[in-house]
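Asker: starting from these lines, generate the structure:
(one chain, ligands or ions: 2)
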Amino acid sequence: MTGIGKLFVISAPSGAGKTTLIKKILNRFKNLSYSVSHTTRLPRKNERDSIDYFFIHPDDFEEKIAQDHWLEWAKVHDNYYGTSKEFVGNSLEKGQNLLLDIDVQGAGQIMASDIDLVSIFIMPPSFEVLSQRLENRKTDTKEVIAKRLANAKSEIMQKDLYQYVVINDDLDEAIEKLCSIFEKEMA
Ligand code: ADP
Ligand code: 5GP
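Answerer: Ligands and ions are numbered 1, 2, ... in the order given. Okay, here's the model as predicted:
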């Protein structure tokens, strides 16, 4: 591989379908890697350490803040989430295209830096559908869902900061729209 890789940043309110869409995109584009984030939240029952997230203790996370380890980090729904600066830098230098699934605060930090990125925001078709999807997923308590829905409002208000906004109503249509963005940007 030669040259600098492309950095893709995807954000969405929780439950919009970002994880579902990202899995499809990663299957479709073999020249695209996923940046596994670090988080202090507990794993969900189907999540594996170092594949879905690196699950770490809040003390370790805070130590790494002090060491300037993170390219970006944020507290989202009461937990820390962060992206390793070293991992992203090394991957892009090797010419690897990279996909980051991060929240609007983290995306804003990268947008404010001198890093070149392609930013995509995934929108649910409506607030009611978002709420239904979070309930159907059955991974979060009522309290956690309420917090995620409350945050969704302020996240959606920031969607225009992104270069692309894709509505995830019909799943196949959303996948096709995303694929055409990735094809165009990686051409
Ligand atoms: P996120 O990663 O954005 O929190 P998920 O990918 O976990 O969201 O999706 C939330 C729930 O909605 C999951 O149960 C998923 O299967 C479902 N889902 C995702 N996209 C669609 C869609 N287009 N239509 C219906 N259900 C969807
Ligand atoms: P979840 O707990 O549902 O996996 O993720 C919650 C939110 O944290 C999502 O909006 C997701 O994009 C965001 N997130 C995941 N990893 C990171 C990260 O490394 N940095 C930031 N800023 N947000 C992240």
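
Asker: pLDDT on the helix or strand encompassing Lys64, on average?
Answerer: If you go by DSSP states H and E, Lys64 is part of helix 58-66. Per-residue pLDDT values over helix 58-66 give a mean of 98.

Asker: next one: stretch 101-108
Answerer: So the average pLDDT for stretch 101-108 ends up being 97.

Asker: dump it to CSV, restricted to CA.
Answerer: The C-alpha trace of stretch 101-108 is given here as CSV (Å, rounded to 0.1, in the frame of the first residue of the first chain):
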residue,chain,number,x,y,z
ASP,A,101,-17.5,5.2,14.8
ILE,A,102,-17.5,8.1,17.2
ASP,A,103,-19.9,10.6,18.7
VAL,A,104,-20.4,14.2,17.7
GLN,A,105,-18.1,15.6,20.4
GLY,A,106,-15.2,13.3,19.2
ALA,A,107,-16.0,14.0,15.5
GLY,A,108,-15.9,17.8,16.3
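
Asker: so does that stretch get close to ligand 1?
Answerer: No - shown here: stretch 101-108 not in contact with ligand 1 (Cβ under 6 Å from any ligand atom), separated by at least 7.5 Å. Just so you know, the C-beta spots here come from the backbone N, C-alpha and C atoms, and that holds for glycine as well.

Asker: does ligand 2 have contacts with that stretch?
Answerer: Yes - legend: contact between stretch 101-108 and ligand 2 by Cβ under 6 Å from any ligand atom is shown at Asp101, Ile102, Asp103, Gln105, Gly106.

Asker: same question, stretch 88-97
Answerer: No - Stretch 88-97 stays clear of ligand 2 (Cβ under 6 Å from any ligand atom), getting no nearer than 10.2 Å.

Asker: show me what that stretch is in contact with.
Answerer: Outside of stretch 88-97, the residues within contact range by Cβ atoms under 8 Å, 6 or more residues apart in numbering are 1-8, 29, 31-33, 35, 71, 98, 100, 186.

Asker: relative to Asp52, how far out is the closest residue to Leu71 other than its chain neighbours?
Answerer: Distances taken as Cβ to Cβ, 6 or more residues apart in numbering put Lys85 closest to Leu71, at 4.1 Å, once the chain neighbours are dropped. Separation of Lys85 from Asp52 (Cβ to Cβ, to the nearest Å): 20 Å.

Asker: and the protein, which of its residues are near ligand 2?
Answerer: 11, 14, 37, 41, 72, 74, 76, 81-83, 101-103, 105-106.

Asker: before we move on, the earlier item: between helix 58-66 and the helix or strand that the helix holding Lys64 is followed by, find me the angle.
Answerer: Moving toward the C-terminus from helix 58-66, the next helix or strand (DSSP H and E) is strand 70-76. Per axes from the mean of the first three to the mean of the last three Cα atoms, to 10 degrees, the angle that strand 70-76 makes with helix 58-66 is 130 degrees.
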